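1. Let's see this in three dimensions:
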Amino acid sequence: MTMTLPPQDHGRKSPRPQALSRAAAADLAARLIPDEELDPRSVGQVAALPSFAAKLEECARAVGVPYCEAAHTVQDALVLRRLQQIVNTALLNPLWRERLHHFGVTSAPADLAEWERVPLSDKTVQRDMFMGSRAGMVVPIERGGFEIVASGGTSDGMPLEIVYSLRELRDTYRISGAFMGAYQLSGYFRAPGPRWLYTTLADYQMWSSGTMVGGVLAAVPGVNYIGAGPVTAPVLEHMFSYPGAKALMGISAGVGYLAELGAGMPAHARESFRVAMYGSGLLPQTKRDELHAVYPNVSILSYFAATQAECIGLQLDHTRPELAAVPGLHLVEIVDEHGRAVAEGEEGELVVTRLHAHETPLLRLKLGDRMVRRAPMDGPGLKTGLFEFAGRSGDVLHLGDSQYSALLAQAALRAELLRVSGIDLDRVALDVQFVNHRAAKALTVLVAADDVEGLAATASAALGGEGWRGLFARALPRSLSLFNDREATPESVAASGYDFRLEFVPRASPEIERTAVGKVPLVRDRI
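-> Below you'll find the model as predicted:
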């Protein structure tokens, strides 16, 4: 039976939708993407396909609630149908066809288990497909209507580009912006008056953060958007002098710097700052404390994005660390080393497939981040997947034959140092970086902080004769990676031949390596 209920008014609380059986949901998905669209036979047919955004809107009309609030059975069925269409489309491209056939994928997957046979892509695959001749495009770039977006090169320093259909990119801005307005910012923008949404990202617009995140923010309903780029204290004060509540999105380092920039700002301007969104990794507790001291009403949220995906996950509640996927935007997978989904509560690799990419498909892309899969939201209202940031995939310390999670090592060192000295790295550290000199067998943890001399003296007095070696020997066994836990003991760490040190360095010390855009990689390897 075809349901033809009218769409709900998004200004009213939506009723709890009636759950559909898997069979009924699959039947609905098949009607939304009929067979003649599921398996296009030519490049021309791909270019003429209805947008996936239109399918999400049709689905919402069919079930009588916004797509974000549709039952998981409905969302899962439509996403699977779209994945089948993506594989069929990719198989029209010679380079994709060769790649998929090599891994035994010759037709659309029947279910998600078969989808997981599709090989994972990485940055090398992305370069091969979308740079140079851009051989991975199903609809060639000569047809026009595309946008090139470049990476800031923050991971490996190598240039990286991706190609988007402009029509599909605009769809995703609208979907993401509406989601932010309805499910994230609405809880923090309750005061009457104008609402302002700024970004300090990107001083050149080819960089993904400047154009893509800005595209999302500009599409949030009911806000006034300003793409400010890097700002000085007078410019920030000028923007914050506008009447009304303010939200600002930037990279972690830029958001942390706002406390210093706003120190001399009038109280009414500082009090109007309601949401600070940081766009990479984690924001140290010290930076959070500084922000709250200057901006008493601010809540700090994570906005997780990448060159290949304008909005992967949003922290909806500042008291909870989970990130919420935007329903219908991407397939977000957390997978093990074999590309299979991990169980809830387990950590894995973040893999993203853009669902709005008829002309430029990029299947199962590893973004280089580790995530913990969390139980999905499934109550009244919003229904979506949740995951939690666990670190960069490269944030691994290689000490001999053992691999340690740098993020877990940082937490273990913090706990051990707090126990013996009373120094809380979460409170004093502005930046932290592990520098691993493998050949010399020397691991140094650089901690940027204020009162460097005082902290160093306190730590030295508390550690006594055993120095840093004993503290590291006790902490590191608690930070082994998933696949080689139990292989180290304090005794084996102490006997590893490594020299371990933690050094306090001044704020903005040149000893800490930063990328061209101001990010501080957690681990620097020196072979």
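2. Where does residue 135 sit: helix, strand or coil?
-> coil (DSSP: H, G, I helix; E, B strand; the rest coil).
3. residues contacting it?
-> 93-95, 128-129 (C-beta atoms under 8 Å, 6 or more residues apart in numbering). (Each C-beta comes from the backbone N, C-alpha and C, glycine too.)
4. and which of these is nearest to residue 521?
-> residue 128 (25.2 Å; C-beta to C-beta).
5. who touches the one helix or strand the closest one maps to?
-> Remark: residue 128 resides in helix 123-130, with elements defined by DSSP states H and E. Helix 123-130 is contacted from outside by 95-96, 99, 121, 135-137, 155-156, 158, 160-163, 308, 360, 362, 365, 368, using C-beta under 8 Å, 6+ apart.
6. Go through stretch 21-40 and flag the buried ones.
-> By neighbour count with 16 or more other C-beta atoms under 10 Å, stretch 21-40 contains the buried residues 25-26, 28-29, 32-33, 37-40.
7. And the residue nearest the centre of this structure?
-> residue 304 (2.9 Å; C-alpha atoms, centre = their mean).
8. contacting residues for it?
-> 279, 311-314, 323, 389.
9. right, and the pair among those with maximum separation?
-> Counting by C-beta to C-beta, the most remote pair of the contacts of residue 304 is 311 and 389, 14.8 Å apart.
10. Which one's more surrounded, those two?
-> More crowded of residue 311 and residue 389, by other C-beta atoms under 10 Å: residue 311, with 25 against 21.
11. Just the element for the more buried one, please.
-> With DSSP H and E as the test, residue 311 turns up in strand 309-314.
12. Work out the gap between whatever helix or strand comes next after that strand and the centre of the chain.
-> Using DSSP H and E, the helix or strand that follows strand 309-314 in sequence is strand 323-324. Relative to its chain's centre, strand 323-324 lies at 9 Å (C-alpha atoms, centre = their mean, to the nearest Å).
13. ok, back up a step: ranking by neighbours, what's the top pick from the contacts of residue 135?
-> Neighbour-wise, these (other C-beta under 10 Å) top out at residue 129, 25 neighbours.
14. what pLDDT, on average, does the longest strand seen in the chain get?
-> Selection of the longest strand in the chain by residue count, based on DSSP state E, yields strand 365-377. Strand 365-377 shows an average pLDDT of 92 in the prediction.
15. on that earlier part again, got the contacts of residue 135 as JSON lines, with pLDDT and distance to residue 270 columns?
-> Output for those, formatted as JSON lines (pLDDT from 0 to 100; distance: C-beta to C-beta, whole Å):
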{"residue": "93", "pLDDT": "97", "distance to residue 270": "53"}
{"residue": "94", "pLDDT": "97", "distance to residue 270": "57"}
{"residue": "95", "pLDDT": "97", "distance to residue 270": "53"}
{"residue": "128", "pLDDT": "93", "distance to residue 270": "49"}
{"residue": "129", "pLDDT": "95", "distance to residue 270": "47"}
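16. now the stretch 151-300 of the chain, which segments are flagged as low pLDDT?
-> Within the stretch 151-300 of the chain, the stretches with pLDDT under 70 are 152-158, 202-210, 280-281.
17. Just list whatever residues bridge to the residue nearest to residue 218 when sequence neighbours are not counted.
-> Nearest residue to residue 218, sequence neighbours excluded (C-beta to C-beta, 6 or more residues apart in numbering): residue 225, at 4.2 Å. On the basis of DSSP bridges, residue 225 takes part in beta bridges with residue 197.
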